[in-house]
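> Test case, fold it:
(2 chains)
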Amino acid sequence: MKEFNIVVLAKQVPDTRNVGKDAMKADGTVNRGALPAIFNPEDLNALEQALRIKDKYPGTTITILTMGPGRAAEIIREGLYRGADRGYLLTDRKFAGSDTLATSYALSLGIKKLQPVDVIIAGRQAIDGDTAQVGPQVAEKLNLPQVTYAEEILSLDKGKVRIKRRLERGVETVESPMPLVITVHSSAPPCRSRNAKLFMKYKYAKSVTELQDMSEDYLQLQKDRPYLIIEELGASGISAGVENLGLSGSPTKVRKIENVVFKAKESKVLSANDEDINGLITELLDNHTIG
Amino acid sequence: MNNVFVYCEIEEGKVTDVSLELLTKGRSLANELNCRLEAVVAGTGLDGIEKQITPYGADFVHFADDERLYPYQTLPHAKVVKQVFQKEKPCIGLFGATSVGRDLAPRIASALKCGLTADCTALEIGDHTDNKTGKEYKNLLYQIRPAFGGNILATIINPETRPQLATVREGVMKKEKVAGNHQGKVKKVDTKTLLSDEDLIVKIIERHIEPRKVNITNSGIIVAGGYGVGSKENFNQLFELAEVLGGEVAGSRAAVDSGFIEHVRQVGQTGVTVRPKLYIACGISGQIQHRAGMDQSAMIISINDDPDAPINQIADYSIIGDLNEIIPKMIKYYRKNSK
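Coordinates of the predicted model:
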């Protein structure tokens, strides 16, 4: 087999790395509006690995699968601009409030809808939660092997994939049969930029929900060019048991949220004496800047 | 039933530090809950391994000794842990937030349909009343972790499902043997009937130690040095501070041009742009070219002997003085206050 069906699991996340001075309100709470919604960085590393397979085996199909609100169609478009072939958005109010377990349940059902799938690739973790749980949880639900912390997919041959993994203290090369779930580490190569031709081709790609607000011309365009349709699937579309979705399907609950307050807004001048340094370190530990 | 379990990782015949730290924490949780602390360990050549585990308070060590269990692989280890958990029905299961624990624990949570909280910085026992239903829960595990890029601190609970699973990074909890000569029992897991070829479909081709490529842009904490650091040797203490805080070292262009540090670590217009949670600028005057690469950092601490250095204008804290005196003090007080 010289072409593969690849599903890239991706998530739209608030850019928590872009926490500039305006990202915290005066009362110390997070100003979510100041954080742009982006393609989760390690999911882009994952997409690049998929694109490299497609470079080698041009008959390969790359499908972006994401779960989120309607606006998450943005990252599917972003994926199309960079070389993905199509995208599916799992979106439904019933998905709201999902923790990693409920998310992996919905994603695993979404993947079943896309069968046959040879390789499922996701970023190791998303920057809004940093849990690294969804990839392995999806693998377990689909009863597939998993290879986490991938830095490079070395080869695909005779139904087997060779992967270099980046571990804390070194590297490991493993070989797994397909299908499998791979999660990609940030040390993997960054994703290529948008391709100008693909951008022109897909800039009018819209999800079914987005099309509702569009003019007749738009609808005609979608009819003529079906590749512009970003498919949406809800709870019934993936044949999900509602009790396993959203809040009711999430064993973890948030009991309490404390905002980590950054007190210093104007420069505080300290001296090199022990008391000042000790005070600073204690303050940084208390507000969880370090430690 | 209803005991506290710790999955112990093995590296070259030794139980890893993070596992011993979890045993110490697990012991205190078990004391509070008035239950047993049990350990699960899987690997090969484990004879006598309990001698490393019981001094930290484990009452029971479940061990799976099989050459197919070393080095670590997801599927066979997951099978062992699933089997033990299904049989023993723990109330709490703790894993190291390592490349092993973060690979294994979600697989277990997914199979047992239970909650898992990653990278907890504190674990406590407490009660909870559900706001909507008014239902009361006793003795839940409070899983406390930073979230949202470290901007909030969340307390997570699993009211209904068991076990309550959590991972914790190395160095977060204290490691301490229990007083006296603590004894525990050993229970063997029958791997012969448990493991099948299906669990061994992933093959390890090669393993070796390879230093990580430098990439400072993803680091949440950056300790940066400029020309004012003075020498390559003086940069060593920046590396030490970065290591202690779990960050990376960066340099200004002047430091790179002087050969104090390599170019991949250069921050600024001709280097990389970083936006860490904390940027500690040591001996950096703060030219506009440098500031362009770091002024979006959430917090900036400047260490400089010049009170009028431009960097101080954008710093949240300016420490005026000799960095050779200040950095060792920061390390000292971090070590003293962090645990």
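> Kindly confirm my reading that B:N324 forms part of a helix.
Yes - applying DSSP: H, G, I helix; E, B strand; the rest coil, one finds B:N324 inside a helix.
> Let me know whether it touches B:F235 as I believe.
No - at 11.4 Å, B:N324 does not count as touching B:F235 under the criterion of C-beta atoms under 8 Å. In this view, the C-beta of every residue, glycine as well, is placed from N, C-alpha and C.
> More neighbours: those two, which one.
B:F235 (21 against 14; other C-beta atoms under 10 Å in any protein chain shown).
> Just the element for the more buried one, please.
Assigned by DSSP states H and E, B:F235 falls within helix B:232-245.
> Would you list the phi and psi of B:K89?
Backbone torsions of B:K89, given as degrees, to the nearest 10, read phi 50, psi 70.
> whoops, A:P190 was the one
Per degrees, to the nearest 10, the backbone of A:P190 is at phi -70, psi 160.
> Repeat that for A:R162.
Dihedral angles (degrees, to the nearest 10) for A:R162: phi -110, psi 130.
> what's the neighbour count on the residue nearest to it when sequence neighbours are not counted?
In space, and not counting its chain neighbours, A:R162 is closest to A:L154: 4.2 Å by C-beta to C-beta, 6 or more residues apart in numbering or on different chains. Using other C-beta under 10 Å, A:L154 has 15 other residues around it.
> And A:K201, by the same measure?
By the other C-beta under 10 Å criterion, the neighbourhood of A:K201 contains 15 residues.
> Assumed it was part of a strand.
No - residue state for A:K201 (three-state DSSP) corresponds to helix; a strand is not indicated.
> in the stretch 151-291 of chain A, which spans are strands?
Listed in chain order, the strands of the stretch 151-291 of chain A (DSSP state E, counting those that start in this stretch) span A:160-167, A:170-177, A:180-184, A:206-207, A:229-233, A:253-259, A:268-271.
> elements contacting the shortest one?
Which is strand A:206-207. On a contact count with 3 or more C-beta pairs under 8 Å, 6 or more residues apart in numbering or on different chains; DSSP states H and E, strand A:206-207 meets helix A:73-82, strand A:229-233.
> hmm, who's touching the helix or strand harbouring B:A166?
Per DSSP H and E: B:A166 is located in strand B:164-168. Here strand B:164-168 makes contact (C-beta atoms under 8 Å, 6 or more residues apart in numbering or on different chains) with B:18, B:21-22, B:25, B:91-97, B:101-102, B:105, B:108-109, B:114-121, B:123, B:140-141, B:143, B:157-158.
> make it 6 Å
The contact list for strand B:164-168 (C-beta atoms under 6 Å, 6 or more residues apart in numbering or on different chains) reads B:92-95, B:97, B:101, B:105, B:109, B:116-118, B:120, B:141, B:143, B:158.
> Using PDB, list the CA coordinates for it.
C-alpha atoms of strand B:164-168 as PDB (Å, rounded to 0.1, in the frame of the first residue of the first chain):
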ATOM      1  CA  GLN B 164      -9.100   9.100  41.400                       C
ATOM      2  CA  LEU B 165      -6.000   9.300  39.200                       C
ATOM      3  CA  ALA B 166      -3.300  12.000  39.300                       C
ATOM      4  CA  THR B 167       0.200  12.500  37.900                       C
ATOM      5  CA  VAL B 168       2.800  14.600  39.700                       C
END
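> which neighbours does it have in its sheet, and in what orientation?
Strand B:164-168 sits in its sheet next to strand B:92-96 (parallel), strand B:116-120 (parallel), going by DSSP bridges.
> anything in the longest helix anywhere in chain A near chain B?
What stands out as the longest helix in chain A, according to DSSP state H, is helix A:41-56. No - contact of helix A:41-56 with chain B (C-beta under 6 Å from any C-beta of the partner chain) is absent, the minimum separation being 8.1 Å.
> Now do the buried residues in that helix.
A:41-54 (16 or more other C-beta atoms under 10 Å in any protein chain shown).
> quick check, nearest of the contacts of strand B:164-168 to chain A?
Using C-beta to the nearest C-beta, B:A118 comes nearest to chain A of these, at 4.1 Å.
> backbone phi and psi for B:E248, please?
According to degrees, to the nearest 10, B:E248 has phi -120, psi 160.
> Look through the stretch 201-339 of chain B and state the residue closest to chain A.
Distances between the stretch 201-339 of chain B and chain A by C-beta to the nearest C-beta are smallest at B:G321, namely 3.0 Å.
> residues contacting that residue?
A:A272.
> can you check A:L114 too?
Neighbour list for A:L114: A:V7, A:T63 [criterion: C-beta under 6 Å, 6+ apart].
> Relative to A:V7, how far out is it?
6 Å (C-beta to C-beta, to the nearest Å).
> Need the overlap of contacts for the two.
A:T63.
> sorry, back to before: save the strands paired with strand B:164-168 as CSV, and put in distance to A:E175, mean pLDDT and mean neighbour count too.
Formatted as CSV, the strands paired with strand B:164-168 follow (distance: least, C-beta to C-beta, whole Å; pLDDT from 0 to 100; neighbours: other C-beta atoms under 10 Å in any protein chain shown):
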stretch, distance to A:E175, mean pLDDT, mean neighbour count
strand B:92-96, 26, 98, 29
strand B:116-120, 28, 94, 26
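> Distance to A:Q220 for those strands - can I get that in CSV?
Listed next are the strands paired with strand B:164-168 as CSV, based on distance: least, C-beta to C-beta, whole Å:
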stretch, distance to A:Q220
strand B:92-96, 55
strand B:116-120, 47
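> Can you say which of those strands is nearest to A:E243?
With respect to A:E243, and counting by C-beta to C-beta, the nearest of these is strand B:116-120 at 19.2 Å.
> Show me what that closest one is in contact with.
A:T131, B:A97, B:A105, B:A109, B:Q143, B:R145, B:I156, B:L165, B:A166, B:T167, B:V168, B:R169.
> Need the per-residue pLDDT for the first one.
With respect to pLDDT, A:T131 has a value of 92.
> how near is the spatially closest residue to it that is not a sequence neighbour to B:I205?
Take A:T131 and drop its neighbours on the chain: the residue closest to it by C-beta to C-beta, 6+ apart is B:A118, 4.1 Å away. B:A118 is 29 Å from B:I205, where distance means C-beta to C-beta.
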